[in-house]
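Participant: The following comprises the amino acid sequence and a computationally predicted model.
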Amino acid sequence: MSFLQPKSVLQLVVIGFLVVIAPLCLAILYTVQTLGELSEGNRRVTTQVVALNRHGQELQRDLLDLERRARQYIALKNTDLLTLFDKEQEIVLFNIKRLYRLSNNLDEVYLRLYSKIAELNPYAMDSQATEQIITQFDAISKVRAEFRSRLRTDVDQRISDNAADADKVKDSLLVMVFTMALATLMLMLFFSYWINRPIKTIAKEIKLLGEGDLTRVIEISGPQEVKALGHELEWLRGRLDEIDQQKQQFLRHISHELKTPLANLREGADLLAEQVPGPLSERQSEIVSIVQQNSIELQRLIENLLDYNQLPLQRIKPESIQLDVLGDSLLKNYHISIDNKGLHVSCHWGITEWFADRNKLKIALDNVISNAVNYTPEQGTITIESREEDGKLIIDVANSSPAIQEHEEAHLFEPFYQGSSVRHGPIKGSGLGLSVAQECMLAQGGSLGLKKHPLFAVCFRLICPSLEC
């Protein structure tokens, strides 16, 4: 396994975990080692301090015994006492040497004390021996006091040095903990980015596929299993692109195959309606009107199908639009259905001119009007109102059809969805009209949705911002 190219996300996570905890493990080991050294240092200093104090007390006791032994010998002249004096003198000199080896602060005072004790000689003392002993031991007491002071200073210095070493260790541990924590945080961020990068790339590519971007090649780096998933996505993109091209080719063919005979059908129906071949009876005129109405509705359904597939590729072309003229031209396409059903249509154009994409606004308004005409029952009412609000165009298309059920409202603008409401038009709808209308409004930064109306159960509101530069 290559460290930089692990075979799986699991291996990458394990590697990241081990690398991230490595600084913490090093910090723990360093702390344990440092605390061990500090503990050993404390134990050593404690042992030395105890030894110095104990030997200092023993020296003081031995000096008192030595003085007492000298006085006894001078008083009794007993040779056994002299022998004891010699032994005790050797013990005192040995203890002084031992203290000298333990301490670092006794060079000069050590020599003075050692020499004064070594100079003690009861054999050489005359009749004034008591005064000589007192004088010698007074001098020894003064040197011993200085010796004890030096020992105390040495003990205090050792304790102070040990405390200073402990403070240094504490500071070094704090610096080490901060450094290791920072290193751990940086490694966590690095491995989080390293692990999440291919996942985010995959999510991005899937989103682009969902948005219909099928032209760019998908390349995903990372662990081998992620690369394999990237290859699968690239294969899927290729298949979707191929299917999309086939769909576009099919739509071009069907558009040509349907529009050509439909145009001929409409032209023939118009000629008949204008009685170019000859006069028509009332019944014949009725039949021609039905043909005209159905051909218009069929043309709108075909255009909806084509528009639904072409809308994502169309660019916005803003221009000035006369809303009243556009509305009247659209209503003329449905005058046969309006007349046959006896519908009452009223238009109130509070604003008559707007800057937007003419084709998209026309498609949206046409589908909403068609929906109103087809679902409004006979002798029903349709109202179209426009106004400007907060710099946006508001067009409300309301009708007296039965209210849309609440559970259907969420699906109303989904492609090919058809609710339970009864359609009164001559041709069954495709379920694309409202979806295409909403896409047209969204493409201009606007919206299309259901709104409450004080008089009618159904009201669609188109909101379109001004696209004037």
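Facilitator: Now that the structure is in, tell me what you want to look at. Numbering: from 1, shown residues only.
Participant: State the distance from residue 344 to residue 146.
Facilitator: The spacing between residue 344 and residue 146, counted by Cβ to Cβ, to the nearest Å, is 126 Å. Glycine gets a C-beta too; all of them are placed from N, C-alpha and C.
Participant: Which one of those two is surrounded by more residues?
Facilitator: residue 146 (15 against 12; other Cβ atoms under 10 Å).
Participant: Would it be right to say that the more buried one lies in a helix?
Facilitator: Yes. Counting by DSSP: H, G, I helix; E, B strand; the rest coil, one finds residue 146 located in a helix.
Participant: Now do it, the pLDDT please.
Facilitator: At residue 146, the model reports a pLDDT of 73.
Participant: before we move on, what about residue 355?
Facilitator: Note on residue 355: pLDDT of 90.
Participant: which SS class is it?
Facilitator: Following three-state DSSP, residue 355 is assigned to strand.
Participant: can I assume it is in contact with residue 321?
Facilitator: Yes. Using Cβ atoms under 8 Å, residue 355 makes contact with residue 321 at a distance of 7.3 Å.
Participant: The two: which has the busier surroundings?
Facilitator: Neighbour totals were compared for residue 355 and residue 321, and residue 321 leads with 19 against 16 (other Cβ under 10 Å).
Participant: Count the residues that sit near residue 168.
Facilitator: Neighbours around residue 168, by other Cβ under 10 Å: 11.
Participant: tell me what the helix or strand hosting residue 153 is packed against?
Facilitator: Taking DSSP states H and E as the definition, residue 153 sits inside helix 129-210. Contact partners of helix 129-210 among helices and strands, from 3 or more Cβ pairs under 8 Å, 6 or more residues apart in numbering; DSSP states H and E: helix 9-76, helix 107-118, helix 224-273.
Participant: Can you give the distance of that helix from its chain's centre?
Facilitator: In terms of Cα atoms, centre = their mean, to the nearest Å, the centre of helix 129-210 is set 37 Å apart from its chain centre.
Participant: tell me the angle that helix makes with helix 9-76.
Facilitator: Taking axes from the mean of the first three to the mean of the last three Cα atoms, to 10 degrees, one finds helix 129-210 and helix 9-76 inclined to each other by 180 degrees.
Participant: Thought residue 385 was touching residue 348, still the case?
Facilitator: Yes. With contact defined as Cβ under 8 Å, residue 348 reaches residue 385; the gap is 4.6 Å.
Participant: any idea how the protein splits into domains?
Facilitator: Split into domains by automatic domain parsing, the chain comes to 9-193, 212-313, 314-469.
Participant: Can you lay out those as JSON lines showing distance to residue 202?
Facilitator: Below are the domains of the chain laid out as JSON lines (distance: least, Cβ to Cβ, whole Å):
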{"stretch": "domain 9-193", "distance to residue 202": "11"}
{"stretch": "domain 212-313", "distance to residue 202": "6"}
{"stretch": "domain 314-469", "distance to residue 202": "27"}
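Participant: what's the most buried one of those domains?
Facilitator: Among the domains of the chain, ranked by average contacts under mean count of other Cβ atoms under 10 Å, first place goes to domain 314-469 (a mean of 17).
Participant: Quick check: which element contains the residue lying closest to residue 198 once chain neighbours are set aside?
Facilitator: Take residue 198 and drop its neighbours on the chain: the residue closest to it by Cβ to Cβ, 6 or more residues apart in numbering is residue 222, 3.3 Å away. According to DSSP H and E, residue 222 maps onto no helix or strand at all.
Participant: So, low pLDDT: which residues of the stretch 51-200 of the chain?
Facilitator: Along the stretch 51-200 of the chain, the model assigns pLDDT under 70 to residues 104-111, 121-134.
Participant: Residue 362 against residue 325, yeah?
Facilitator: No. Counting by Cβ under 8 Å, residue 362 does not reach residue 325; the two are 11.0 Å apart.
Participant: Just to check, residue 137 is in contact with residue 65?
Facilitator: No. If you go by Cβ under 8 Å, residue 137 and residue 65 don't touch, sitting 11.8 Å apart.
Participant: what's stretch 455-462 in contact with?
Facilitator: Residues from elsewhere that reach stretch 455-462, judged by Cβ atoms under 8 Å, 6 or more residues apart in numbering: 361, 364-365, 368, 371-372, 375, 381, 383, 393-404, 434, 437, 441, 446-453.
Participant: how about 6 Å then?
Facilitator: Contact with stretch 455-462 is made by 364, 368, 395-401, 403, 441, 448, 451, 453, as judged by Cβ atoms under 6 Å, 6 or more residues apart in numbering.
Participant: quick one: which two of these are the most distant?
Facilitator: 400 and 441 (23.8 Å; Cβ to Cβ).
Participant: What does the pLDDT read for residue 380?
Facilitator: At residue 380, pLDDT is 91.
Participant: Once you drop chain neighbours, what's closest to it?
Facilitator: The shortest distance from residue 380 to any residue other than its chain neighbours is 4.2 Å, reached at residue 400 (Cβ to Cβ, 6+ apart).
Participant: roughly how far apart are the one you found and residue 376?
Facilitator: According to Cβ to Cβ, residue 400 stands 6 Å off from residue 376.
Participant: centre of the chain versus the helix or strand residue 327 falls within, how much separation?
Facilitator: Taking DSSP H and E as the criterion, residue 327 maps to helix 323-332. Distance, stretch centre to chain centre, for helix 323-332: 51 Å (Cα atoms, centre = their mean).
Participant: which secondary structure elements does the following helix or strand past that helix contact?
Facilitator: Scanning forward in sequence from helix 323-332 by DSSP H and E, the next helix or strand is helix 335-341. Packing partners of helix 335-341 (3 or more Cβ pairs under 6 Å, 6 or more residues apart in numbering; DSSP states H and E): helix 282-310.
Participant: What's the mean pLDDT across the helix it packs on?
Facilitator: Averaged over helix 282-310, pLDDT sits at 71.
Participant: Can you check which of the helices and strands packed on helix 129-210 gets nearest to residue 194?
Facilitator: helix 9-76 (7.1 Å).
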